[in-house]
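A.B. asks: next one to model:
(one chain, ligands or ions: 1)
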Amino acid sequence: MKMIDFRSDTLTKPTEEMRRLMYEAEVGDDVYGEDPTVRRLEERAAEMLGHEDALFVTSGTQGNQVALLTHCRVGEEIILEADAHIFLYEGAGPAALGGIQLHTVAGTAGVLSVDDVRKAVRDENDIHQPRTRLICVENTHNKAGGRVIPVEKLRELYLLARERSIQVHMDGARLFNAVVASGTSAQEYGEYVDSAQICLSKGLSAPIGSVLTGSKEFITEARRWRKRLGGGMRQAGVIAAPGLYALEHMVDRLEDDHHNAKKLAQYLGSIPGLQVNVDAVETNILMCDITASGLSNDAFQEKLTEAGVRASNFGEGIIRFVTHRHITAEDVEETYSRLSGVLKGLTVIK
Ligand code: TLP
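C.D. replies: The predicted structure is shown next:
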């Protein structure tokens with residue numbers, strides 16, 4: 001039985017073309033600024049976001065952490081959504097590495113309201129309070145179920161930030177999913193943030209890496225932070241080459257993942273005991289509420305294993321399914337038929 005693996009789009013393997021480009025990549029020592037392939041990737045990413053410059057980093061986490069360390073000093077504060085990846089899944093990096101305090105604000109569908117953020121901004125003139133230095137947004141928002149930030153909401157936050165001399169960073173691990181789903185270009189999103197981190201190794205299928213974009217001055221300082229964190233890589237063109245290919249050729253295909261996620265949401269939602277908000281599935285992530293099945297997450301995972309399906313625990317009663325290049329439309333049908341089989345006869349809690 002073929003294992004159908006929805007744990008994450010990070011599971012995607014490089015394409016044949018990516019492997020060929022890795023083999024043929026023109027390389028140099030990137031710490032000396034001499035890797036032409038890395039440079040090309042950075043220039044392309046900066047251009048796509050409409051920013052002056054960019055920096056190739058090892059991962060989304062490194063991109064975010066380098067950004068926060070570059071924007072903030074010890075004792076300063078960042079406002080971000082309460083379920084943000086930076087807050088939940090980056091090992092308390094801002095506290096551990098930068099002495100930076102995180103101030104969480106609950107959003108709606110992963111999106112911060114400008115009024116709530118305005119209330120959260122500290123009083124600059126009160127010496128008791130930390131200084132608010134940065135607002136972070138996540139697009140798409142992972143834990144909210146791949147939700148897209150509408151560009152006008154981002155613009156509102158950006159205008160508030162400008163008014164209060166605060167910077168804005170976008171965790172755009174899945175920015176291109178937002179671009180494909182909303183029709184808003186990366187450049188339009190880029191206009192309303194000071195820095196952005198985009199992942200090449202999620203739905204875009206490159207094996208490794210992210211790019212951090214921003215102003216020339218910001219990236220020069222970020223390069224120092226990356227080196228300090230051990231992220232200065234040498235002949236990194238070998239991994240930049242598939243990353244560049246990903247930006248050029250793998251964006252449009254995300255539409256297929258979105259279509260498959262929507263279909264899967266409809267199917268899962270029709271199984272007694274499972275609840276999925278189909279309308280909330282805008283991109284390639286869906287959160288399935290299993291509470292009414294009466295099964296614990298572990299017991300549900302056992303059922304999935306029995307069905308040859310894998311998905312991730314995302315908090316009590318919630319299982320995350322992510323669609324990606326290795327999930328076909330047939331796999332979605334097959335998942336439905338297998339899960340309907342193993343979940344038959346459940347006593348559903350009303
Ligand atoms: N997310 C991973 C896990 O860490 C949860 C996943 O499987 O979704 N920002 C966002 C919004 C992310 O979803 C992720 C990865 C990152 C940053 C970090 O990227 P990496 O894994 O490259 O460090």
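
A.B. asks: ok, H326 - contacts?
C.D. replies: D5, L11, T12, K13 (C-beta atoms under 8 Å, 6 or more residues apart in numbering). Bear in mind the C-beta positions are built from the backbone N, C-alpha and C, glycine included.

A.B. asks: pull the contacting residues for the first one.
C.D. replies: With C-beta under 8 Å, 6+ apart as the criterion, the residues that contact D5 are L11, V309, R310, H326, I327.

A.B. asks: how close does whichever residue of the stretch 1-150 of the chain sits closest to the ligand sit to V38?
C.D. replies: Closest approach between the stretch 1-150 of the chain and the ligand, counting by C-beta to the nearest ligand atom: G60, at 2.4 Å. Going from G60 to V38 by C-beta to C-beta, to the nearest Å gives 17 Å.

A.B. asks: more neighbours: which of those two?
C.D. replies: V38 (29 against 26; other C-beta atoms under 10 Å).

A.B. asks: tell me the confidence at that one?
C.D. replies: Note on V38: pLDDT of 98.

A.B. asks: distance of the closest residue to it other than its chain neighbours relative to the ligand?
C.D. replies: The spatial neighbour of V38 that comes closest, neighbours along the chain excluded (C-beta to C-beta, 6 or more residues apart in numbering), is A240 at 4.4 Å. Distance, A240 to the ligand, by C-beta to the nearest ligand atom, to the nearest Å: 15 Å.

A.B. asks: again with G203
C.D. replies: Distance from G203 to the ligand, by C-beta to the nearest ligand atom: 10 Å.

A.B. asks: state the pLDDT value of that residue.
C.D. replies: 98.

A.B. asks: once you drop chain neighbours, what's closest to it?
C.D. replies: D9 (4.5 Å).

A.B. asks: wait, that neighbour sits on H324?
C.D. replies: Yes. With contact defined as C-beta atoms under 8 Å, D9 counts as touching H324 (3.8 Å).

A.B. asks: so between these two, which is more surrounded?
C.D. replies: D9 (27 against 24).
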